[in-house]
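**Student:** Got a predicted model here, sequence first, then my questions.
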Amino acid sequence: MAFLDEVKFDENGLVPVITQDEKSGQVLMLAYANKEALELSASTKKMYYFSRSRQKLWLKGETSGHFQSVKSICYDCDQDAILAIVDQTGPACHTGNQSCFYRSWIGSAPAPFSNPMYELADTVKSRAENPKEGSYTNYLLTKGIDKILKKVGEESAETIIAAKNANKEEIALETADLLYHLTVMLRDRDVPWQDVFAVLEGRRKD
């Protein structure tokens, strides 16, 4: 693997790994990895590290269930530090805190960025995986794509009317309804918001 050939491991065959949450942007932890840990992370799409105290490989979440799904792995300009972007399940820290960096020296520990679209998508995903009686989301997912698309069309029309009437409150309400139904549609089609945001990111230069 060309990537690993370029990484500058230290005299113990290790490289520091900074792990960041994809959704919140929060720095979760600092750990170390050797070549084998990075190879396993790439092949399994789950983060592996090397424990310096136990002198062995470890799969993050193997004991706690708080796995880290790999989204991207990069190295810095000097090629001697790794940045892993992950989808974190549960808290990253063994103390129960979301991040290992929860104590501050100067100022306060940064709060994670909250993305309402990710939170909405997580709620819809939770309903899909754990149906709840009386849930409108489950009703739509059960009815299928035709019903979902009908609602997307209706909410699009209502958003257009609200905008045409220049009613700011109605515009906000109808846009929220539209985004919700788009989120349900994306879930039904198995397309995450991350893919949509990636397209927008690619158009930033346009």
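**Tutor:** That came through, no problem. Numbers count the residues shown, from 1 in each chain.

**Student:** Going by C-alpha atoms from here, please, whenever you check contacts or count neighbours.
**Tutor:** OK.

**Student:** Can I get the lowest-mean-pLDDT helix or strand in the chain in PDB, CA atoms only?
**Tutor:** Using mean pLDDT, DSSP states H and E, the weakest-scoring helix or strand in the chain turns out to be helix 193-202, at a mean of 86. Provided in PDB are the C-alpha atoms of helix 193-202 (Å, rounded to 0.1, in the frame of the first residue of the first chain):
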ATOM      1  CA  TRP A 193     -26.800  13.100   3.900                       C
ATOM      2  CA  GLN A 194     -23.000  12.900   3.900                       C
ATOM      3  CA  ASP A 195     -23.100  11.900   0.200                       C
ATOM      4  CA  VAL A 196     -25.300  15.000  -0.600                       C
ATOM      5  CA  PHE A 197     -22.900  17.200   1.400                       C
ATOM      6  CA  ALA A 198     -19.900  15.700  -0.500                       C
ATOM      7  CA  VAL A 199     -21.500  16.700  -3.800                       C
ATOM      8  CA  LEU A 200     -22.000  20.300  -2.500                       C
ATOM      9  CA  GLU A 201     -18.500  20.400  -1.200                       C
ATOM     10  CA  GLY A 202     -17.300  19.400  -4.700                       C
END
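
**Student:** Mind giving me the packing neighbours of it?
**Tutor:** Counting contacts by 3 or more CA pairs under 8 Å, 6 or more residues apart in numbering; DSSP states H and E, helix 193-202 packs against helix 116-129.

**Student:** packing partners for the helix it packs on?
**Tutor:** helix 136-143, helix 168-188, helix 193-202.

**Student:** about what we covered before: now do the least confident helix or strand of the chain against helix 116-129, angle only.
**Tutor:** Orientation check (axes from the mean of the first three to the mean of the last three CA atoms, to 10 degrees): helix 193-202 against helix 116-129 gives 150 degrees.

**Student:** List the buried residues in helix 193-202.
**Tutor:** W193 (16 or more other CA atoms under 10 Å).

**Student:** Confidence-wise, which of the helices and strands packed on helix 116-129 is weakest overall?
**Tutor:** The minimum mean pLDDT among the helices and strands packed on helix 116-129 belongs to helix 193-202 (a mean of 86).

**Student:** Dump the host helix or strand of M29 to CSV, keeping only the CA atoms.
**Tutor:** According to DSSP states H and E, M29 maps onto strand 27-33. The C-alpha coordinates for strand 27-33 follow below in CSV (Å, rounded to 0.1, in the frame of the first residue of the first chain):
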residue,chain,number,x,y,z
VAL,A,27,-11.7,15.6,18.3
LEU,A,28,-12.4,12.3,20.1
MET,A,29,-9.1,10.9,21.1
LEU,A,30,-5.3,10.4,20.5
ALA,A,31,-3.9,6.9,20.2
TYR,A,32,-1.1,5.1,18.4
ALA,A,33,-1.1,2.7,15.5
